[in-house]
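Asks: model the following, please.
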Amino acid sequence: MKSIALIPARYAATRFPGKLMEMLGGKTIIRNTYENTVATLLFDEVIVVTDSKIIFNEITENGGYAVMSRGEHASGSDRIAEAVAELEVDVIINVQGDEPFVKKEPLQNLLSVFRNDGKARVEVASLMHKIYDENLIADSNCVKVVVDSAMNALYFSRSAIPFPREKKTEAVYYKHIGIYAYRKQALMNFTQWPSTPLETIERLEQLRYLENGVKIKMILTDESPVSIDTMEDLERAKKISRAS
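Replies: Okay, here's the model as predicted:
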């Protein structure tokens with residue numbers, strides 16, 4: 001099974017423009033993400049896909065592999081789909097460029113879903129972990145997911161799901177971690193479908209799969225990667241980097 005990791009990397013992030021070029025432990029965020037993904041030794045190739053010459057040069061001038069995307073894209077999935085359209089590959093892992101502390105075990109667990117799927121029934125997989133903090137559960141920037149008995153996603157939402165109508169009922173909450181694995185054809189199909197109603201309402205692209213009848217297998221992990229969306233996130237990441 002040929003697998004590759006693709007790292008979509010926009011320069012003009014809405015909440016924190018240029019964040020991927022911020023320094024973290026003596027290297028840029030995007031270089032940390034790239035090199036940590038390579039260091040897992042899980043992939044045939046690791047490729048940064050970017051719309052920015054600055055990011056492209058940062059990766060290639062430091063011995064890495066990057067490609068320029070040709071056009072504007074509505075999502076990271078659309079950006080990496082362009083990059084893999086002509087590649088022969090079985091499974092693609094979408095690693096977020098703003099998660100510089102990416103680790104081997106969660107990515108390995110995602111790949112194992114496809115390696116152990118002899119009948120090729122799983123088309124898309126992703127990660128989640130349990131959360132207990134009430135502020136995080138209520139935070140609309142923290143995407144929650146509910147699953148069925150087979151660990152397939154039933155729904156993703158920015159709202160607190162499930163809603164415990166009876167306060168004495170103990171609800172379990174899972175935070176969605178935005179690292180995806182896809183079979184190539186599933187990713188290419190995604191780019192051909194128009195945006196769907198729930199996707200548009202929640203502003204969550206993964207709902208497009210569910211609304212088109214594609215199951216997303218969820219893998220439970222203890223890892224909670226640090227995503228850098230704000231300057232406060234960067235300061236927190238710097239503390240983690242100094243302590244490691």
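Asks: helix, strand or coil for the closest residue to Ser52 other than its chain neighbours?
Replies: What sits nearest to Ser52 in space, not counting adjacent residues and going by C-beta to C-beta, 6 or more residues apart in numbering, is Tyr11, at 3.6 Å. Where you see a C-beta, it was placed from the backbone N, CA and C, and this is true even at glycine. Three-state call for Tyr11 (DSSP: H, G, I helix; E, B strand; the rest coil): coil.
Asks: equivalent analysis for Val122, please.
Replies: coil.
Asks: next up, the contacts around the residue nearest to Ser52.
Replies: 17-18, 20-21, 50-52, 54-55 (C-beta atoms under 8 Å, 6 or more residues apart in numbering).
Asks: you'd agree Leu154 is up against Val147?
Replies: Yes. Using C-beta atoms under 8 Å, Leu154 is in contact with Val147, at 6.1 Å.
Asks: and the gap between the residue of the chain positioned farthest from its centre and Phe190?
Replies: Distance from the centre of the chain peaks at Lys168, with 34.2 Å (C-alpha atoms, centre = their mean). Counting by C-beta to C-beta, to the nearest Å, the gap from Lys168 to Phe190 is 41 Å.
Asks: neighbouring strands - and their directions - for the longest strand along the chain?
Replies: In the chain, ranked by residue count with DSSP state E as the criterion, the top strand is strand 173-183. The strands beside strand 173-183 in its sheet (DSSP bridges) come out as strand 91-94 (antiparallel), strand 124-131 (antiparallel), strand 144-147 (antiparallel).
Asks: buried ones in whatever helix or strand comes next after it?
Replies: Heading C-terminal from strand 173-183, the first helix or strand you meet, by DSSP states H and E, is helix 184-192. Residues of helix 184-192 classed as buried: 184, 186-187, 189-191 (neighbour count, 16 or more other C-beta atoms under 10 Å).
Asks: quick one: contacts for the spatially most central residue of the chain?
Replies: For the chain, the residue nearest the mean C-alpha position is Ile179 (2.5 Å; C-alpha atoms, centre = their mean). Contact analysis of Ile179 by C-beta under 8 Å, 6+ apart lists 93-96, 99, 102, 106-107, 110, 126-127, 225.
Asks: ok, Ala138 next?
Replies: Ala160.
Asks: give me the phi and psi for it.
Replies: Dihedral pair for Ala138: phi -80, psi -10, per degrees, to the nearest 10.
Asks: and the gap between the residue nearest to the centre of the chain and Ile47?
Replies: Applying C-beta to C-beta, the value for Ile179 to Ile47 is 15 Å.
Asks: run through this protein and note the low-pLDDT ranges.
Replies: Residue ranges of the chain with pLDDT under 70: 14-15, 71, 73.
Asks: now the strands for it?
Replies: For the chain, applying DSSP E gives strands covering 3-9, 23-24, 27-28, 45-50, 66-68, 91-94, 124-131, 144-147, 153-157, 173-183, 216-220.
Asks: in a markdown table, list the ones you listed along with distance to Ala74.
Replies: Converted to a markdown table, those look like this (distance: least, C-beta to C-beta, whole Å):
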| stretch | distance to Ala74 |
| --- | --- |
| strand 3-9 | 12 |
| strand 23-24 | 28 |
| strand 27-28 | 25 |
| strand 45-50 | 14 |
| strand 66-68 | 18 |
| strand 91-94 | 14 |
| strand 124-131 | 18 |
| strand 144-147 | 21 |
| strand 153-157 | 17 |
| strand 173-183 | 15 |
| strand 216-220 | 19 |
